[in-house]
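1. Have a look; sequence and predicted model below, questions after that.
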Amino acid sequence: MDSKSADSGLHTDIAAQISAGLNNRSLVFVGLMGAGKSCIGRMVAKTLDLPFIDADREIEEAAGCSIADIFRLYGEDAFRDGEERVIARLLEGDQVVLATGGGAFIREQTRKLILEKGVSVWLRADLDVLVHRTAGRPHRPLLNNGNPRQILADLIETRYPVYAGANVTFDCGDASKEDTRDGVLAALANAFDENGKLKS
């Protein structure tokens, strides 16, 4: 067991199994805001010895302003256009672990890119978990125009059926970050068959 695998409590063969299954494809985290895509994605990237990229940060750098400002100045459609271009560029590049914004996988063209170029993991969390994790976080523009709990409930209803098209689904609860990371890695290792192909 190397140091990274020892940190995660996993044997090196599990990380090797995931790497073989990915076969140089990027690993893409999808799900609603507050599900833990950036936090868990960064930890999984460290274990797999891959670079981590937060798509929202890339979009902000490309636009030269915050996500909230993009929404305010140009609207959601313009943000989604930019998001699609940034994710397409990232998926054409070197293998990474990528955390996407909550709406990225909902847009049809972006979803097709992710499913074609990467292996996707949906971090599914229930409403109470999402409300708790997003409370007091004003940088999330979709939650700034009404009751955050109702907005999240509506997003669960409309988006979860689409997220279900991801390659791997992992249910997040109140477990520690480390346990969630290990659970995601175990789910990923189990997602590939003995030939390294995604199980249907």
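-> Arrived safely, thanks for sending.
2. Point to the residue nearest the middle of this protein.
-> residue 29 (2.0 Å; C-alpha atoms, centre = their mean).
3. Confirm that it lies within a strand, as I assumed.
-> Yes. The assignment for residue 29 (DSSP: H, G, I helix; E, B strand; the rest coil) places it in a strand.
4. Can you pull out the low-pLDDT segments for the chain?
-> Counting by pLDDT under 70, the chain contains low-confidence residues at 1-11, 137-139.
5. does the closest residue to residue 18 other than its chain neighbours sit in a helix, a strand or a coil?
-> With C-beta to C-beta, 6 or more residues apart in numbering as the measure, residue 188 is the residue that lies nearest to residue 18, at 4.9 Å, once sequence neighbours are left out. C-beta: built from backbone N, CA, C; applies to glycine. When classified by three-state DSSP, residue 188 comes out as helix.
6. got a list of what residue 188 touches?
-> Remark: with contacts taken as C-beta atoms under 8 Å, 6 or more residues apart in numbering, residue 188 is in contact with 18, 21, 27, 44, 119, 121, 168.
7. try 7 Å this time
-> The contact partners of residue 188, by C-beta atoms under 7 Å, 6 or more residues apart in numbering, come to 18, 121, 168.
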